[in-house]
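Here you go, sequence then predicted model.
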Amino acid sequence: MLITAVIVSLIVFEYFFDVPAATTVSENVQRWAVVVMAFTLGLGAINLFQIHGAKVLRKDKEWYLSVWLLFIMVLTIVFGIVSGPFEDSFRFLYEDVFMHLGGTATALQGFFILSAAYRTFRARNLDAAFLIGAGILMCFYQAPFGVLIWKGFDVIGSWLFTVAVSSAFRGIIIGSAIGAMAVGVRIVLGREKGLAGG
Amino acid sequence: MILQSGKMIGFLMLLTTVSFILYHIYRAEKGNPANIRKLAALEAIDELIGRAAEMGRPVHVTPGASAINHPSEAPQTFAGISVVNYIASSCAELNLPIIVTVGQAAVYPIVEEIVRTAYANEDNIFEPDYVRFIADAYSIAVQGILEREKPAANIMVGGFYNESVRFAEAGARAGALQVAGTARTYQIPFFVAACDYSLIGEEIFVAGAYISGDPVLIGSIAGQDLGKFLSIILILINGILTALGINWLHQLLGR
C-alpha cells in the first residue's frame, strides 16, 4: 500500500504541476506498468490452459469445445511468434476470423434489446409509464419515418436528447468523478480492503 | 513549482474533496460515524447469495471488461473488485461455488488472489475454475457461461460496454436474480431496465465501503457527498450568474 500511495501521489502531482523531473519519473513508471501488464497476459493464458486442459482430461460436458479453444490459442500464439502480428497469416486469424465472429455476436444486440424491452416495459407505475413514453418518443425520433409521420417527434426527441439526457449524463459523470476520487483516497490510505483481499 | 494552465480549479476541488473525505474518516475513527441512506441493490446482495445457496446453484460475478490502466475506467474496475471480494467471502463462508469472469489480463491475478484467499480463510477448497480469464471473447463467453451454468445470482459491477444488455438478458433467461451497476452512462439504462437491482454511476464507488459495513469507510462516502454538494452549489451559482450576464465565476472556474 505504501508503494501504491507513493506512485499515486507522484502521478497526481505530475498531472497538476509542471516539474520536468516529475514528468520524467511519471512517464517511466507508466512504461513499467505497461510491461507488468504484458506479463499478466501470460498469467491469463496459463489460466486458460489450466481450466480447459482440466476439462479435456476429465472429459467434462462439451470437452471437445475446450480442445478447439486450446488448438486455436496455440495456433494464434505460434503464428504471432513465428510470423509476427503484421503478417498475412496472423492477420487472417485476427481480422478475417475473430473480428467477424465478434461482429456477429454484436449483431445479436438488437434482438437482446427487443427481448429486454418486451420483458421490462410494463406500465406498472407512473415512473415506468414515463420510461415507456420516452422510449416510444425516442424510437420515432431516431427512425427516419418518424419525421414523416409528425414533425413534432423531431422537436421533442431533439430536446429530450440534447437537454434532458445530456444534463442527466453530466450529473452522473460529475458524481462518478467524485466517487472515483473517494476510491483513490481509500486505496492510497490502505483502507480499500477489497483490493488486498480479506 | 508551477501549476499547469487550466488545472487550478481542478486541483482546488481535488484538495477540498479529499479534505472532506479525510475529515469524515477522522470523525468516524473518533466514534462519530456518518449515517447514509440504504442502497437497495447492495442490501439485496446477501439475499441473492442466500438464494443461490438454497438452490444449490453458483453465483456469477464480474468486475467488467474495463482496463485497469485507463484513468476513467480503472476506478470502476476497482469498485467491481471490491464487490468481488465481499461476494467471494460470503460464498466461501457458505462453501458455495462462485464463478468470477474477468475480461482483462491485469485484473485476473488480483481477483484470483482475492478469491483464493477468501476460500482459504474459511478452509474451503478453491477450484481454479472459480476465476476465469476470458480475453477478447469476454462478452460472448460470459453469455455462454450464464446460459450453460445457470447461476442463481448474477452480480455485475464495474465498467461495461455494449455487452451490458446481452449479459442482463442472458442472466434473466437463466433465471438469475441480478444486481448490476456501472458508471458508463450509455450502459446504465440497459441495467436499470433489464436487471432486478441496479447501481447508477457513483453508487458503484460506494459499494465496497457500504457492504463492508466499516464505519470508517462509510465516513468516506459522507465526505464524497460533501464534495458533490459543493459541485452542485458552484453549478447553480454559476448558472444563475451566467444567465444574468455576469461571467466572472465562469471565467474563474475555467482557470
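That came through, no problem. Predicted model, so just to flag it, every value in this text is computed and none were measured.

hey, where'd the helices end up in chain A?
A:2-16, A:20-58, A:63-83, A:88-91, A:99-107, A:109-120, A:126-142, A:146-149, A:152-159, A:166-188 (DSSP state H).

all helices for the stretch 1-150 of chain B, in order.
B:8-29, B:40-55, B:74-93, B:108-121, B:138-149 (DSSP state H, counting those that start in this stretch).

Make CSV out of the ones you listed and add distance to chain A and mean neighbour count.
Any C-beta I mention is one placed from the backbone N, CA and C, and that applies to glycine too. As requested, the helices of the stretch 1-150 of chain B are exported to CSV (distance: least, Cβ to the nearest Cβ, whole Å; neighbours: other Cβ atoms under 10 Å in any protein chain shown):
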stretch, distance to chain A, mean neighbour count
helix B:8-29, 5, 17
helix B:40-55, 13, 18
helix B:74-93, 3, 26
helix B:108-121, 4, 20
helix B:138-149, 4, 19
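
Just name the most buried of the helices of chain A.
helix A:166-188 (a mean of 20; mean count of other Cβ atoms under 10 Å in any protein chain shown).

got a list of contacts for that helix?
A:1, A:4-5, A:8-9, A:192, A:195, B:14, B:17-18, B:21-22, B:72, B:75-76, B:78-79, B:183, B:185, B:188, B:200-206, B:208-209, B:217, B:220-221, B:223-224, B:227-228, B:231 (Cβ atoms under 8 Å, 6 or more residues apart in numbering or on different chains).

Quick one: mean pLDDT for that helix?
Averaged across helix A:166-188, the pLDDT comes to 88.

Kindly report the same for stretch B:173-186.
Stretch B:173-186 comes out at a mean pLDDT of 93.

Could I have the CA atoms of it written out in CSV?
What follows is stretch B:173-186, C-alpha atoms only, in CSV (Å, rounded to 0.1, in the frame of the first residue of the first chain):
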residue,chain,number,x,y,z
ARG,B,173,-33.1,-16.2,-19.4
ALA,B,174,-31.0,-18.3,-17.0
GLY,B,175,-33.4,-17.4,-14.1
ALA,B,176,-30.8,-15.5,-12.1
LEU,B,177,-31.6,-12.6,-9.9
GLN,B,178,-29.4,-9.7,-11.0
VAL,B,179,-27.6,-6.7,-9.4
ALA,B,180,-25.7,-4.6,-11.8
GLY,B,181,-24.0,-1.2,-11.8
THR,B,182,-21.7,0.8,-14.0
ALA,B,183,-20.6,4.4,-14.3
ARG,B,184,-20.6,4.2,-18.1
THR,B,185,-23.6,6.5,-18.8
TYR,B,186,-24.7,4.8,-22.0
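
want to throw the helices of the stretch 1-150 of chain B into a markdown table with distance to A:Met99?
Listed next are the helices of the stretch 1-150 of chain B as a markdown table, based on distance: least, Cβ to Cβ, whole Å:
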| stretch | distance to A:Met99 |
| --- | --- |
| helix B:8-29 | 38 |
| helix B:40-55 | 35 |
| helix B:74-93 | 24 |
| helix B:108-121 | 23 |
| helix B:138-149 | 13 |
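
Reformat those helices into JSON lines and put mean pLDDT next to each item.
Output for these, formatted as JSON lines (pLDDT from 0 to 100):
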{"stretch": "helix B:8-29", "mean pLDDT": "89"}
{"stretch": "helix B:40-55", "mean pLDDT": "93"}
{"stretch": "helix B:74-93", "mean pLDDT": "93"}
{"stretch": "helix B:108-121", "mean pLDDT": "92"}
{"stretch": "helix B:138-149", "mean pLDDT": "91"}
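
okay, now the domains of chain A?
A:1-60, A:61-107, A:123-193 (automatic domain parsing).

Quick one: end-to-end distance for the shortest one.
Chord length of domain A:61-107, first to last residue, is 28 Å (Cα to Cα, to the nearest Å).

Just give me how far it sits from the chain centre.
21 Å (Cα atoms, centre = their mean, to the nearest Å).

Over to stretch B:136-156?
19 Å.

Quick check: the gap between the nearest residue in space to B:Phe205 that is not next to it in sequence and A:Tyr94.
Using Cβ to Cβ, 6 or more residues apart in numbering or on different chains and skipping the chain neighbours, the partner closest in space to B:Phe205 is A:Gly179 (3.1 Å). A:Gly179 sits 36 Å away from A:Tyr94, going by Cβ to Cβ, to the nearest Å.

Also A:Phe145?
39 Å.

Among those two, which residue is more densely surrounded?
A:Tyr94 (14 against 8; other Cβ atoms under 10 Å in any protein chain shown).

How about B:Ile155, nearest residue that isn't a chain neighbour?
B:Val61 (4.4 Å).

wait, I meant B:Leu252
In space, B:Leu252 is closest to B:Ile9, 7.3 Å off (Cβ to Cβ, 6+ apart).

Name all residues that make contact with that neighbour.
Taking Cβ under 8 Å, 6+ apart, one finds B:252-255 in contact with B:Ile9.

again, but for A:Leu41
B:Ala105.

SS state for the residue in the stretch 101-250 of chain B that chain A sits nearest to?
Here the residue of the stretch 101-250 of chain B nearest chain A is B:Phe205; by Cβ to the nearest Cβ that distance is 3.1 Å. Three-state assignment for B:Phe205 (DSSP: H, G, I helix; E, B strand; the rest coil): helix.

Look at it and report its pLDDT.
For B:Phe205, pLDDT reads 90.

and the gap between the residue nearest to the spatial centre of chain A and B:Gln143?
In chain A, the C-alpha closest to the average C-alpha coordinate belongs to A:Thr106, at a distance of 13.5 Å (Cα atoms, centre = their mean). Taking Cβ to Cβ as the measure, A:Thr106 falls 12 Å from B:Gln143.
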